[in-house]
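Visitor: test case, fold it:
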Amino acid sequence: MAKSRFWFQAHWLVGITVGVLLALMGITGATMSFQDQILEALNADARKVTVQGERLAMPVIVAHAQAEAERMGARVRTVTAPQNADGAVRVLFLSGPSEIVRYLDPYTAQWQTGGARGEKFFEIVEEIHRGLITDRVGGKYVGRRVLDAAAVLLVGLVATGLYLRWPRRTTNWRAWFVIDRKLRGRGFLYSLHAVIGTYVLPLLLLSALTGLYFAYNWYSSMLERMAGVSPVAEEQMAGKPLVAPDVAQVWSAFEQATAGQRVGQISFRLPKEAEEPLRIQYLDFDPPHATAFSTVKIDPTNSQLLTHERYADKTTGARLLASMLSIHKGGYFGVIGSVLLMLSSLALPLFVITGWMMYLDRRRVEERQRARKQQAANVPV
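Guide: Just a heads-up that it's a prediction; the model follows:
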């Protein structure tokens, strides 16, 4: 009994304090669940083009991007060509600390107007989700550390919540999965809180445990060791300077590496600093999911192939780690997965609200009981 009371006190104390941050993470996470689809719909006019014969070759597209970067006083970071024939090429420019996204018609080499509606909104939502927007206002990484700790406590809340429920009518499935609408007051709130918690428990654990992969190096390293993934060491690039690569030769090396494969989306990522290889990520024409990327790394100083990491050749553990962000957002499991993860994220504010309501109701009951005892103590014999 004493042990249960301790865990109960720990559960509600964390819930009514850190729970506010978890609710914020849940709302922002749910908002980003269908971010790509929303942005695609908002910017269909700029991101869709008229198919006119064959696309320009990637070296030509990159050359146009580099010419535009020179005009803007910026640098090209990535050039992404989508699989669908009517899709515009996405170009990410770096201008100091800022990022600029433009879209290019791969048939006419004309720059599209717009294409970034809603991106600033989702950028702010992501900054709140990852670090309470503290990076923007000056407290670099402070908010991230706070939310990282909150994610750890979410695992504890899920575990203690399950522990507190377990002894009560374990075999009564209705108590676990059906909200008792006959109850009133705190009893109904508890039923709502506990039953919905039962449904979303595995999803919240999934969100928390995958989110921690991006939060703590010790955690990601542990998962990588468990999955048998060796740390990536760019030893072949040691001492190599930052140079402008010969895009034509680099593309030729990529085509040789992927000869015989049907390639879908391609993302051409230029190095930003010395000792960094040029990366070309690509999806197979019929990928198992949207983040099943293979990666070709090329030495930009001599256009020599360094490594070719095929998604199909990776172990199951390595595939999961490579898709961790997609798993975290639910997209790894398709539309249904995204919907379920979104709903579980939206449950976090519900838990905070019901938890606070139960806490305040319990305080009112305790205060009335104390008042009665005090009155009884003051009654003369």
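
Visitor: I'd like to know how far the closest residue to Val14 other than its chain neighbours sits from Glu255.
Guide: Leaving aside its sequence neighbours, Val14 sits nearest to Leu153 (CB to CB, 6 or more residues apart in numbering; 5.4 Å). No exception for glycine: its C-beta is placed from N, CA and C like everyone else's. Going from Leu153 to Glu255 by CB to CB, to the nearest Å gives 50 Å.

Visitor: out of these two, which sits in the busier spot?
Guide: Neighbour totals were compared for Leu153 and Glu255, and Leu153 leads with 18 against 12 (other CB atoms under 10 Å).

Visitor: quick one: the more buried one is in a helix?
Guide: Yes - looking at Leu153 with DSSP: H, G, I helix; E, B strand; the rest coil, it is inside a helix.

Visitor: the strands in this structure, which residues?
Guide: 75-81, 89-95, 98-104, 263-269, 278-284, 294-299, 304-309 (DSSP state E).

Visitor: for these, give me a markdown table that also has distance to Trp166 and mean neighbour count.
Guide: Below are those laid out as a markdown table (distance: least, CB to CB, whole Å; neighbours: other CB atoms under 10 Å):
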| stretch | distance to Trp166 | mean neighbour count |
| --- | --- | --- |
| strand 75-81 | 48 | 19 |
| strand 89-95 | 49 | 19 |
| strand 98-104 | 48 | 17 |
| strand 263-269 | 46 | 19 |
| strand 278-284 | 44 | 21 |
| strand 294-299 | 44 | 22 |
| strand 304-309 | 43 | 15 |
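
Visitor: closest one to Leu157 among these?
Guide: Of all those, strand 98-104 sits nearest to Leu157, with 35.4 Å by CB to CB.

Visitor: show me how far stretch 246-255 is from its chain's centre.
Guide: Stretch 246-255 has its C-alpha centroid displaced from the chain centroid by 32 Å (CA atoms, centre = their mean, to the nearest Å).

Visitor: residues of it that come out buried?
Guide: Buried positions in stretch 246-255, judged by neighbour count with 16 or more other CB atoms under 10 Å: 247, 250-251, 253-254.

Visitor: using PDB, write out every CA atom in that stretch.
Guide: C-alpha atoms of stretch 246-255 as PDB (Å, rounded to 0.1, in the frame of the first residue of the first chain):
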ATOM      1  CA  ASP A 246      33.000  18.600 -60.500                       C
ATOM      2  CA  VAL A 247      29.300  17.900 -60.600                       C
ATOM      3  CA  ALA A 248      29.400  16.100 -63.900                       C
ATOM      4  CA  GLN A 249      32.100  13.600 -62.700                       C
ATOM      5  CA  VAL A 250      30.300  13.200 -59.400                       C
ATOM      6  CA  TRP A 251      27.000  12.400 -61.200                       C
ATOM      7  CA  SER A 252      28.800   9.900 -63.500                       C
ATOM      8  CA  ALA A 253      30.200   8.100 -60.400                       C
ATOM      9  CA  PHE A 254      26.700   8.000 -58.900                       C
ATOM     10  CA  GLU A 255      25.200   6.600 -62.200                       C
END
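
Visitor: still on that earlier bit, quick one: contacts for the residue nearest to Val14?
Guide: By CB atoms under 8 Å, 6 or more residues apart in numbering, the residues touching Leu153 are 14, 18, 22.

Visitor: then His64?
Guide: Going by CB under 8 Å, 6+ apart, His64 touches 56, 104, 109.

Visitor: quick one on the thing from earlier: which ChimeraX command selects the buried ones in the contacts of Leu153?
Guide: Here is the ChimeraX selection string for the buried members of those, based on 16+ other CB under 10 Å:
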select :14,18,22
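
Visitor: in helices only, show me the contacts of Leu153.
Guide: 14, 22 (DSSP state H).

Visitor: before we move on, the earlier item: helices - which of the buried residues of stretch 246-255 land there?
Guide: Checked against DSSP H, the buried residues of stretch 246-255 include these in helices: 247, 250-251, 253-254.

Visitor: in a markdown table, list those residues along with pLDDT and distance to Arg319.
Guide: Output for those, formatted as a markdown table (pLDDT from 0 to 100; distance: CB to CB, whole Å):
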| residue | pLDDT | distance to Arg319 |
| --- | --- | --- |
| Val247 | 95 | 30 |
| Val250 | 95 | 26 |
| Trp251 | 96 | 27 |
| Ala253 | 95 | 25 |
| Phe254 | 96 | 22 |
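
Visitor: for the residue nearest to His11 when sequence neighbours are not counted, give its distance to Leu21.
Guide: Spatial nearest neighbour of His11, chain neighbours left out: Thr160 (4.3 Å); criterion: CB to CB, 6+ apart. As judged by CB to CB, Thr160 and Leu21 stand 17 Å apart.

Visitor: Asp36: neighbour count?
Guide: Count around Asp36 with other CB under 10 Å applied: 14.

Visitor: show the pLDDT at Asp299.
Guide: pLDDT for Asp299: 93.

Visitor: tell me the contacts of the residue lying closest to it once chain neighbours are set aside?
Guide: In space, Asp299 comes closest to Leu306 once its chain neighbours are excluded; the distance is 5.7 Å by CB to CB, 6+ apart. Shown in contact with Leu306 (CB under 8 Å, 6+ apart): 234, 236-237, 277, 297-299.
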